[in-house]
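Colleague: I need the structure of the sequence given here:
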Amino acid sequence: MNRLANESEMKWMPLLYGVTAGLSTLVVVFMLVWTFHFRGGFAWQDFPAIQFNWHPVLMVVSLIVLYGHGILVYRLLRNEPKKKLKLLHAIMMITALLLASVGLKAVFDSHNLAEPPIDNLYTLHSWVGLAAVICFALQWLFGFVAFLFPGVRHSLRSSYMPLHVFGGLMIFGLATTAALMGLLEKAIFSRFLRTFKKIRINY
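Modeller: This is a model prediction of the structure:
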């Protein structure tokens, strides 16, 4: 019975992965269009307000798209050698973590270098997002030690595996929540700023 269920799952997995890949690509395209058309494109520390634009793009690419595909690797390529899958999974995740770190630097720089400087970590989105990145870093470190570090007992790896899987899914959910909160927060701030400018013009 379990074998039939697994075969049925594998039959639909390429299609489901294709849909997921297509939707994630569409999300990235929408983010880039939004950034270039409405937000002024990209810059670095010379233009802090525009440097901020790296933050939403890199966080979505790293913690949503790349992280999500990294999770699906084991399902999609389950017939590949385990060592190869572990290495691919680890590379995808460390790449996501590095991109997320650049995204965090971009938002902190855009606050610290602004005139006048803007406070950091003053919204719920910032705390949820920072918690997601910290948990992600710890998850990667523990996973590297447990599954790629030589000399770790097989029994320890087997015991840690369910916790690693559960933790990964929870972090993905936390990152998705942070991303949605951030996009909503930016939309509210932008609307408030436009309204404030209209009031100043009228008065």
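Colleague: so what's Leu121 up against?
Modeller: 127, 130 (C-beta atoms under 8 Å, 6 or more residues apart in numbering). Quick note: C-beta positions are derived from backbone N, CA and C, even for glycine.
Colleague: packing partners for the helix ranked longest in the chain?
Modeller: Taking DSSP state H as the criterion, the chain has its longest helix at helix 154-202. Judged by 3 or more C-beta pairs under 8 Å, 6 or more residues apart in numbering; DSSP states H and E, the packing partners of helix 154-202 are helix 54-59, helix 67-76, helix 124-147.
Colleague: Now with 10 Å, please.
Modeller: helix 2-38, helix 54-59, helix 67-76, helix 82-112, helix 124-147 (3 or more C-beta pairs under 10 Å, 6 or more residues apart in numbering; DSSP states H and E).
Colleague: can you put the ones you listed in a markdown table and add distance to Ser158, mean neighbour count and mean pLDDT?
Modeller: Putting the helices and strands packed on helix 154-202 into a markdown table (distance: least, C-beta to C-beta, whole Å; neighbours: other C-beta atoms under 10 Å; pLDDT from 0 to 100) gives the following:
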| stretch | distance to Ser158 | mean neighbour count | mean pLDDT |
| --- | --- | --- | --- |
| helix 2-38 | 19 | 12 | 81 |
| helix 54-59 | 33 | 22 | 96 |
| helix 67-76 | 15 | 17 | 89 |
| helix 82-112 | 13 | 17 | 95 |
| helix 124-147 | 10 | 17 | 96 |
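Colleague: Quick check, pLDDT for the residue positioned nearest the centre of the chain.
Modeller: Geometric centre of the chain, nearest residue: Leu63, 1.0 Å, by C-alpha atoms, centre = their mean. pLDDT recorded at Leu63 is 96.
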